[in-house]
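Novice: Structure, please.
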Amino acid sequence: MSFEVVAGVDGSAPSEAAARWAAYDAYRRGCGLRLVAVTRDTRAFGDDAPQGMPGFVPVLREHLADLLPELAITCEAVPGTPWSVLASAGRRRGLLVLGSRGPGGPAGLTGSVALRAATEAHCPVVLVRPGAEDAEAGRGPVVVGVEPDRPCDEVLDFAFAQAARCGAGLRVLAARDRGTSAGEPGLGEAVARPWDTYPDVRVTSEVTGRSAVSALVEVSRTAALVVLGRRIRRLPLAALRLGPVAHGVIHHAHGPVVIVPHP
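Specialist: Numbering: from 1, shown residues only. Next up is the predicted model:
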């Protein structure tokens, strides 16, 4: 199965922002974009929308096609529970992009839907708020939040690849827990391997004494994208599966955030 960028859409402003962000990302990747609307109608469509399909979908597809004529865009209506359908849409080899309602507001398509999808998806999930979706909306660096004592290869790989595609710098940010001495030497070792793969990416690293959520929310004001990891665990509460840092940043970030699942 080839790589595909998937955007969940529901006709709202956040989902339209997600679709635009997804379109630009798919264009940079050289892959297709699939718009997914959760509905009772099971028919898929391409150039023309059959009767009964959500009317906002073909309108949105036409708008994106005008922006990026070379981008291959398909659309699909899938029946089922919204968060479950969307969590499955990106599969393992893909990227799922959903709308966020902005700092302090509920995350996602219909309140908790995107938040739940982000906890269940096996692929990276990007949350985009209105105003941060255009290709030139954020000229800042890609920022990746890591744990200084155990940076994750999957999260760093995603951040380096994204920075390389966007022609952006990469800022590696870690929060030092009180009473620990973990610092930049560990970050340097973790960054060295993906940097060999993407030698043209401009990298800076920093260990801050602030809380991770506070530091990442602040840098999200100017970041092109904030990259965070989600450890795959089986816990009873969906919110806890994200971890407290990712959960806090999702709710308060000023720009797009991506959650990358990893073992």
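
Novice: Could you use CA atoms for every contact and neighbour count after this?
Specialist: Will do.

Novice: The stretch 51-200 of the chain: helices as residue ranges?
Specialist: Ranges of helices in the stretch 51-200 of the chain, per DSSP state H, counting those that start in this stretch, are 56-67, 82-89, 113-120, 153-166, 184-197.

Novice: how deep is His254 tucked in, by neighbour count?
Specialist: 27 (other Cα atoms under 10 Å).

Novice: Please tabulate the helices of the stretch 51-200 of the chain in TSV, including the columns mean pLDDT.
Specialist: Formatted as TSV, the helices of the stretch 51-200 of the chain follow (pLDDT from 0 to 100):
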stretch	mean pLDDT
helix 56-67	95
helix 82-89	91
helix 113-120	88
helix 153-166	95
helix 184-197	80
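
Novice: Name the stretch among the ones you listed that sits most buried.
Specialist: helix 113-120 (a mean of 24; mean count of other Cα atoms under 10 Å).

Novice: what angle separates it from helix 82-89?
Specialist: 50 degrees (axes from the mean of the first three to the mean of the last three Cα atoms, to 10 degrees).

Novice: Start the count at 55 instead of 1 going forward.
Specialist: Taking 55 as the first residue, the last one we looked at is helix 167-174.

Novice: Serialize the helices of the stretch 105-254 of the chain to a markdown table and add fields for distance to Leu152.
Specialist: A markdown table is the format used below for the helices of the stretch 105-254 of the chain (distance: least, Cα to Cα, whole Å):
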| stretch | distance to Leu152 |
| --- | --- |
| helix 110-121 | 15 |
| helix 136-143 | 9 |
| helix 167-174 | 6 |
| helix 207-220 | 17 |
| helix 238-251 | 27 |
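
Novice: Mind naming the longest helix for this structure?
Specialist: Secondary structure of the chain per DSSP state H: the longest helix is helix 67-83.

Novice: Output it as CSV, nothing but the C-alphas.
Specialist: Below are the C-alpha coordinates for helix 67-83, written out as CSV (Å, rounded to 0.1, in the frame of the first residue of the first chain):
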residue,chain,number,x,y,z
ALA,A,67,-13.9,25.6,9.5
PRO,A,68,-11.4,23.4,11.4
SER,A,69,-11.9,20.5,9.1
GLU,A,70,-11.5,22.8,6.0
ALA,A,71,-8.2,24.0,7.6
ALA,A,72,-7.1,20.4,8.0
ALA,A,73,-7.9,19.6,4.4
ARG,A,74,-5.9,22.6,3.1
TRP,A,75,-2.9,21.7,5.3
ALA,A,76,-3.2,18.1,4.2
ALA,A,77,-3.3,19.1,0.5
TYR,A,78,0.0,21.1,0.8
ASP,A,79,1.6,18.3,2.7
ALA,A,80,0.6,15.7,0.2
TYR,A,81,1.8,17.9,-2.6
ARG,A,82,5.2,18.2,-1.0
ARG,A,83,5.4,14.5,-0.4
